[in-house]
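S.K.: after the sequence you'll find the predicted model.
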Amino acid sequence: MKTQPTASHFIDGEYVEDQQGTAFESIYPATGDVIAKLHAATPAIVEKAIAAAKRAQPEWAAMSPTARGRILKRAADLIRERNRELSELETYDTGKPIQETIVADPTSGADAFEFFGGIAPAALNGDYIPLGSDFAYTKRVPLGVCVGIGAWNYPQQIACWKGAPALAAGNTMVFKPSENTPLGALKIAEILTEAGVPKGVFNVIQGDRDTGPLLVNHPDVAKVSLTGSVPTGRKVAAAAASHLKHVTMELGGKSPLIVFDDADIDSAIGGAMLGNFYSSGQVCSNGTRVFVHRKIKDTFLAKLKVRTEAMSVGDPMNEETQLGPLVSLAQREKVLAYIEKGKAEGATLITGGGIPNTVSGTGYYVQPTVFADVTDDMTIAREEIFGPVMCVLDFDSEEDVIARANATELGLAGGVFTSDLSRAHRVVDQIQAGTLWINTYNLCPVEIPFGGSKQSGFGRENSVAALDHYSELKTVYVGMGKVDAPY
Ligand code: NAD
């Protein structure tokens, strides 16, 4: 691999190794080959990274937002120039097909740096508040040292979606990628430094569930932004709450995608396939409960089966490949166990359901799988599978499907396919979720807020709204007259 990072951590503008840290390997999910050997951060490395971020923060915050933005924009340009090599690295890290990474990963990271670099000069302004002869004003100030903790499905995008608004607002960051996908964030840190981000402003350290708490509990950390599962979110939010730190939680989902009988059926099938098979189904906002109106169920399933079986599964570095492996052997075992539960609990297997026989070797592949006749109480309809497994449920009435769509403690996303405009808006209005799509699915451009409700999390990434989560208001009251004290 040409783009291999040269050490485990990136701290204070340079690569750092500490052999004392627990050794772990980065594995290419398509073959099972070891592609890098790394070390988790020791407490000394955690201290070094946080100290660098703390030292760099005041000077970074003192720059004008325009000057910070100019540097972030340069980083965006470098990421775009190196899209091919970064996409290949992302494919090595995750196993996702190059066909996807080349359009969805580094480019969406570049969008984040371009967007937040661009809006920083205007979006960080405060207010002037007239109070008769007195007045007040507000300033939007950075929080300080922020910690980002990433999941393994979009390692580069997650590093950029957290880093860009944090840095634009004048914070510094220590980012810990998932132990499954350690490589991409290091390259992002390297590029930021090359673009002119001062040393210590964006640092990356490696580690797992034992390392994360060292960051979350550190007294010099002001904010923690996690992308991960709901159980991890509970632990991280509880730890952060014990220190009253700011938190953003981007957690899991079991999102409903509702297809009414007047929908453009081919678009709805396309949306459902993208919302279940993209990134081998390892997307938090996936529409994994596909509610299809009973009147169109047979047509929907027949066409879906043909299109699913035509998908090309295989070598992720082949530009033609549409479905790559899952991220790890453990994730494949988990997904296969859910498929077995689906069969055992009485769902009808329409297609897939196992390991593809067209793929040779030791990669962690699972066939694109569709279950029909799924009922609300089945395990596969209740729990996040995080694999290429689509569950199709039937419904008859709008009222009924809304109630069933909301009958989950999660609320990340949802979607509706219908040609009835009033119904589309009426239904999305009642779905309890942070992001909803009408007649499309899973599009998350940087301009729109993204995040969950209920147990899918809180806080928002992307859009102007993200800056609110990386800054706070400081209010200044200015007295213009004499102080009229009663004593
Ligand atoms: P995970 O919860 O296992 O791990 C996430 C990160 O948290 C990893 O970096 C891990 O090392 C770290 N971690 C684990 N325990 C920790 C602790 N106690 N303290 C601090 N850090 C800790 O999640 P995963 O398996 O890597 O990712 C898949 C999950 O992420 C899915 O549930 C998915 O829905 C979710 N996800 C959500 C979004 C979103 O934006 N809402 C995006 C992508 C993935």
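M.R.: Yes, it's here.
S.K.: residue numbers of the stretch 151-300 of the chain in contact with the ligand?
M.R.: Residues of the stretch 151-300 of the chain found near the ligand (Cβ under 6 Å from any ligand atom) are 151-153, 176, 178-179, 208-209, 212-213, 216, 227-229, 232, 235-236, 250-253, 284. Backbone N, C-alpha and C define where each C-beta goes, glycine included.
S.K.: in helices, which of these appear?
M.R.: Taking DSSP state H as the definition of helices, those contribute G212, P213, V216, T232, K235, V236.
S.K.: show me the contacts for the residue sitting nearest the centre point of the chain.
M.R.: What sits nearest the mean C-alpha location of the chain, by Cα atoms, centre = their mean, is I158, with 5.2 Å. I158 makes contact with G148, G150, A151, P177, A185, T227, according to Cβ atoms under 8 Å, 6 or more residues apart in numbering.
S.K.: do you know how far the residue lying closest to the second one once chain neighbours are set aside is from L226?
M.R.: Excluding its sequence neighbours, the residue lying closest to G150 (Cβ to Cβ, 6 or more residues apart in numbering) is I158, at 4.1 Å. Counting by Cβ to Cβ, to the nearest Å, the gap between I158 and L226 amounts to 10 Å.
S.K.: go on, F115?
M.R.: 22 Å.
S.K.: the two - which one has more neighbours?
M.R.: L226 (28 against 24; other Cβ atoms under 10 Å).
S.K.: that one contacts I149, correct?
M.R.: Yes: between L226 and I149 there is a contact under Cβ atoms under 8 Å: 4.6 Å.
S.K.: overlap of the contact sets of the two?
M.R.: By Cβ under 8 Å, 6+ apart, L226 and I149 have these common neighbours: V236.
S.K.: is it true that E340 lies in a strand?
M.R.: No: per DSSP: H, G, I helix; E, B strand; the rest coil, E340 lies outside any strand segment and is helix.
S.K.: ok, it - how many residues close by?
M.R.: So E340, with other Cβ under 10 Å, has 13 neighbours.
S.K.: strands along the stretch 101-250 of the chain, start to end?
M.R.: For the stretch 101-250 of the chain, applying DSSP state E, counting those that start in this stretch gives strands covering 128-131, 134-142, 145-149, 172-176, 202-204, 221-227, 246-250.
S.K.: which outside residues touch the third one?
M.R.: In this case it means strand 145-149. Residues outside strand 145-149 that contact it (Cβ under 8 Å, 6+ apart): 50, 53-54, 57, 158-159, 162-163, 166, 171-176, 212, 215-216, 218, 220-228, 236, 470.
S.K.: now the buried members of those.
M.R.: 50, 53-54, 57, 158-159, 162-163, 166, 171-176, 212, 215-216, 218, 221-228, 236, 470 (16 or more other Cβ atoms under 10 Å).
S.K.: what's near enough to touch the residue in the chain that the ligand sits nearest to?
M.R.: In the chain, the residue found nearest to the ligand is G212; the distance is 2.1 Å by Cβ to the nearest ligand atom. For G212, the contacting residues are I149, K176, T232, V236, by Cβ under 8 Å, 6+ apart.
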